[in-house]
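Engineer: the following comprises the amino acid sequence and a computationally predicted model.
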Amino acid sequence: MKRRRRASARSRMSLIAMLGAMALLAGACNGAGDATTSLEAVQNRGILRVVSDPNFAPQSYYDQLIGRWRGFDVDVATEIARRLGVDVQFNSGVFEDVQAGNWQPEWDLSVGSMAITPQRAEVLDFTSPYYYDTAVAAVRPGSGVTAVADLSGKRIGVTDGSTYEAYLQGTLDLPGQGPIPSAIDNPEIVKYTTDQDAIDDLAAGNLDAVISARPELQEAIDHGTEIEIVGVPLFTEELAAAVVKDAPLDPTSLVQRVSEIIDEMHADGTLSDLSEKWYGVDLTTKPA
């Protein structure tokens, strides 16, 4: 299978700016009528406006060669919209803003492999989880690192506002698991806008390690990036779609309906098929 070439940091920022401008224009042109809930607004508009990441393959990315969004999250969101009886529109967003509830008026729903945490649940309402994933560390080949504990005191890159950052800070708390202790002491945490920026810096020798989702790191390795996954998984996350609690219109019915759709997609095998398509493995069953 042909692999797409990764964009430079400058071109990624230009892409994000372009997609943001397109989203603002589209948002201004798509009214919601006299809706009183977010679900009614989506139905009246005929469009589900999804915020996602344009450089987060294989979860989501904007393929400039064909001029459209692709990825696991993209396919999941597209199917959610289809079952809602509406079209889907993808909008670019910075993860730190999305998870912090700093939402733009053109966003209805996040479908961006976001982990459920108690802190995020203070500002976001989550749907049923649509899949489960593990966090792992990656280093450069020949680093001498053979276990996660070897990264103590090292320079480690993570996405700003991510569960990986919380893990290194010793503040990560996950539903059903409670506080997750870090096996890495006194790390030097380097924050990035996207996982890919951190991975690029690791490959360039500017970091000792990166912590991210296994599929993201494996995708980079499959592209020929000179990094390798090391040690055991750090933790497992429940990943769900989300809406912002303080949306102008009541989001309750939208969360409930999307949760029903996700449950249907679990039951009929759609999510399993999409996971196999993009990851080569079924990540939709909660680990024991």
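Structural biologist: Now that the structure is in, tell me what you want to look at.

Engineer: tell me how far residue 159 lies from residue 99.
Structural biologist: Distance, residue 159 to residue 99, using CB to CB, to the nearest Å: 10 Å. C-beta here means a position set from N, CA and C on the backbone, and glycine is covered the same way.

Engineer: same check, this time on residue 243
Structural biologist: In terms of CB to CB, residue 243 sits 13 Å off from residue 99.

Engineer: one more: residue 193?
Structural biologist: 13 Å.

Engineer: shared neighbours of residue 243 and residue 99, anything?
Structural biologist: Shared contacts of residue 243 and residue 99 (CB atoms under 8 Å, 6 or more residues apart in numbering): residue 124.

Engineer: all strands for this protein, in order.
Structural biologist: Assigned by DSSP state E, the strands in the chain fall at 47-52, 55-56, 60-63, 68-70, 87-92, 109-115, 124-139, 155-159, 173-174, 178-179, 188-192, 209-213, 228-244.

Engineer: and the ones you listed, which one's lowest on average pLDDT?
Structural biologist: Mean pLDDT is lowest for strand 55-56 among the strands of the chain, at a mean of 88.

Engineer: list the helices and strands it packs on?
Structural biologist: Under the contact criterion of 3 or more CB pairs under 8 Å, 6 or more residues apart in numbering; DSSP states H and E, strand 55-56 touches helix 195-203.

Engineer: ok, 7 Å please
Structural biologist: Helices and strands touching strand 55-56, as assessed by 3 or more CB pairs under 7 Å, 6 or more residues apart in numbering; DSSP states H and E, are absent.

Engineer: in its sheet, what does it sit against?
Structural biologist: With DSSP bridges as the test, strand 55-56 is paired with strand 60-63 (antiparallel).

Engineer: buried ones in the partner strand?
Structural biologist: Buried residues in strand 60-63, defined by neighbour count with 16 or more other CB atoms under 10 Å: 60-62.

Engineer: keeping just the C-alphas, turn that strand into CSV.
Structural biologist: Presented in CSV, the C-alpha positions along strand 60-63 are these (Å, rounded to 0.1, in the frame of the first residue of the first chain):
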residue,chain,number,x,y,z
SER,A,60,-7.5,11.2,11.2
TYR,A,61,-5.7,13.2,8.6
TYR,A,62,-6.4,15.5,5.7
ASP,A,63,-5.1,13.9,2.5
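
Engineer: okay, residue 159 and residue 99: which has more neighbours?
Structural biologist: Neighbours were counted for residue 159 and for residue 99 using other CB atoms under 10 Å; residue 159 has more, 27 against 24.

Engineer: pretty sure that one sits against residue 95.
Structural biologist: Yes. With contact defined as CB atoms under 7 Å, residue 159 reaches residue 95; the gap is 5.8 Å.

Engineer: how about the helices in the stretch 1-150 of the chain?
Structural biologist: 9-29, 38-45, 72-84, 95-99 (DSSP state H, counting those that start in this stretch).

Engineer: who does the shortest one touch, helix- and strand-wise?
Structural biologist: Counting by 3+ CB pairs under 7 Å, 6+ apart, the packing neighbours recorded for helix 95-99 are strand 109-115.
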